[in-house]
Structures are given as structure tokens and as C-alpha cells.
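Student: Need a 3D model of the sequence below.
(2 chains)
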Amino acid sequence: DAGVIQSPRHEVTEMGQEVTLRCKPISGHNSLFWYRQTMMRGLELLIYFNNNVPIDDSGMPEDRFSAKMPNASFSTLKIQPSEPRDSAVYFCASSPASRSYEQYFGPGTRLTVT
Amino acid sequence: AQSVTQLDSHVSVSEGTPVLLRCNYSSSYSPSLFWYVQHPNKGLQLLLKYTSAATLVKGINGFEAEFKKSETSFHLTKPSAHMSDAAEYFCVVSARNFGNEKLTFGTGTRLTIIP
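Tutor: Got it, this is the predicted structure:
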């Protein structure tokens, strides 16, 4: 299995631009998670999905952030408009139904907003 | 509410000596506890898990952790450090054994191995 796939691996954009991060979970996993990691705040859960349905988005910082999961094999995290404080590493993770704590992380997308 | 506190932000040990990474937890329910490891520029990987079975749990790469309810601790240990152990380690708590997908991560401990 290829594991969780994220794209792009690195993204540099200017303030005000729209940014879209993509994730392909492991086949057969029914839960998907988006995290953000910064030096100041550590690892934060932004949102998670079960069977493509958003379950908890309380970690989404504000309305500029949105996430979708149109099918079991694809999810996006969008930031519009982006701000410098959004600079971070964004991780996507997936887990199987019976072991939701056993999350498999992708390699992350390093986002820099200038 | 649930939380974990990793007592050391950075630990350095010599290769071949024991490793101890400390973690205390707080949970309103009987907790499930985990250690995840993150190697440089990589995603996190599950190292080991405690889910109310044996209090001493063994993980990958020779690591183990002991759940001590009286001390609310879940420290990670390894008898002999290897250079490849250099990484960031996260202690994680979940409120229930299964069905609660929301994990709470500690702030991490960076482990440095001295040759």
C-alpha cells in the first residue's frame, strides 16, 4: 500500500491567495483527519470525517478554512484567503473503522504564506 | 476533558544507554494512551498503545511503556538507544478505548542520540 498521499509537499503562496491541499487516504480506511503542526501550537486537529461525513470541525480556526470529502478516496482542505499566520505543516491521516486511534499519517504539506 | 503533559521538551542520551521519555495524563474517563514517533520531515507513526489490557505495553523498535494509574503516568522507555531513534515523540490520550477518533497530542519530546 502506498500509504496516505498528500499533495503538494510544499506550497509557497502570497497572502490573499487561495490554497488547496489534497489527501488520498489508505484504501479501506473510513476515517480521515486533517491536522496542523506549528512550533508555537504543536499538533492540532482541524477536522475529521467518518465515511465521508464531517463529524467534528471544532478545530477549524475560522471561516477561511473549509474541508470536503466528496468520496472515500479524496479530501481537500482549502484556505481562502490565506494569511501569513496560516504557515504550518498540514497533515492528513486516516484510520480503519475498528481502530480509530491507529492513525496513519501522510508526509505532510509545508505551507508558507508570504 | 483530557490532556497529556510531556515533562521534557528535549532529551539527549548516548548511544547504547537507556531512554526515558516522561508523560503524565489527565482524563475524565478510563483513558487509552499512545506514543507516536515523528522522524524528521515525515508524518507521525504509531509506536505503541495502551487500551486497558496489560499495563506494560511493548511497541516497535524495542520501545515499551507502562501505564501507572496511581501516578497518572505513561512513560516511554527503551533499554538501549540507537542512532535511528533520534526523532520527536508524542504522548497521546483518547477518552475511550474505541469509537472516539479525537486524539489529544502532547507537545512532543525531541530525542537526540549522542554517538
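
Student: anything in the helix or strand harbouring residue B:45 sitting right up against chain A?
Tutor: Using DSSP states H and E, residue B:45 maps to strand B:44-50. Yes. Shown here: strand B:44-50 in contact with chain A (Cβ under 8 Å from any Cβ of the partner chain) through B:44-46, B:49. Bear in mind the C-beta positions are built from the backbone N, C-alpha and C, glycine included.

Student: For the nearest residue to residue B:6 once chain neighbours are set aside, grab the count of nearby residues.
Tutor: Take residue B:6 and drop its neighbours on the chain: the residue closest to it by Cβ to Cβ, 6 or more residues apart in numbering or on different chains is residue B:106, 4.1 Å away. Residues lying near residue B:106 (other Cβ atoms under 10 Å in any protein chain shown) number 23.

Student: so how many other residues sit close to whichever residue of chain B sits closest to chain A?
Tutor: Nearest residue of chain B to chain A: residue B:43, at 3.1 Å (Cβ to the nearest Cβ). By other Cβ under 10 Å, the residues close to residue B:43 number 22.

Student: pretty sure it contacts residue A:109?
Tutor: No. Assessed by Cβ atoms under 8 Å, residue B:43 is found out of contact with residue A:109, at 10.7 Å.

Student: Quick one: the strands in the chain, in order.
Tutor: Since you didn't name a chain, this refers to chain A. A:5-7, A:10-13, A:19-24, A:31-38, A:42-50, A:53-56, A:65-71, A:74-79, A:88-95, A:104-105, A:109-113 (DSSP state E).

Student: think we crossed wires, I meant chain B
Tutor: Remark: strands assigned in chain B by DSSP E are B:2-6, B:10-14, B:19-21, B:23-27, B:32-38, B:44-50, B:56-58, B:64-68, B:73-78, B:87-94, B:104-105, B:109-114.

Student: Can you tell me the closest non-neighbouring residue to the residue minimising distance to the centre of chain A?
Tutor: With distances taken as Cα atoms, centre = their mean, the residue of chain A nearest its centroid is residue A:34 (3.2 Å). Leaving out its chain neighbours, the residue that sits closest to residue A:34 by Cβ to Cβ, 6+ apart is residue A:46, at 4.4 Å.

Student: what about the one you found, how many neighbours?
Tutor: 19.

Student: what's the answer for residue A:38, then?
Tutor: Here the number of neighbours of residue A:38 (other Cβ under 10 Å) works out to 13.

Student: right, and it touches residue A:90 too?
Tutor: No. Applying Cβ under 8 Å as the test, residue A:38 and residue A:90 come out as separate, 10.2 Å apart.

Student: Most neighbours out of the residues of strand B:44-50 next to chain A, which is it?
Tutor: Most surrounded of these: other Cβ under 10 Å gives residue B:44, at 26 neighbours.

Student: Let me see the contact set for it.
Tutor: A:43, A:91, A:93, A:103, A:105, B:36-38, B:90 (Cβ atoms under 8 Å, 6 or more residues apart in numbering or on different chains).

Student: Per-residue pLDDT of the closest residue to residue A:107 other than its chain neighbours, please?
Tutor: Spatially, and ignoring its direct neighbours in sequence, residue A:107 is nearest to residue B:43 (5.3 Å; Cβ to Cβ, 6+ apart). Note on residue B:43: pLDDT of 86.

Student: Touching, the residue nearest to residue B:6 and residue B:76? I think so.
Tutor: No. Between residue B:106 and residue B:76 there is no contact under Cβ under 8 Å: 11.0 Å.
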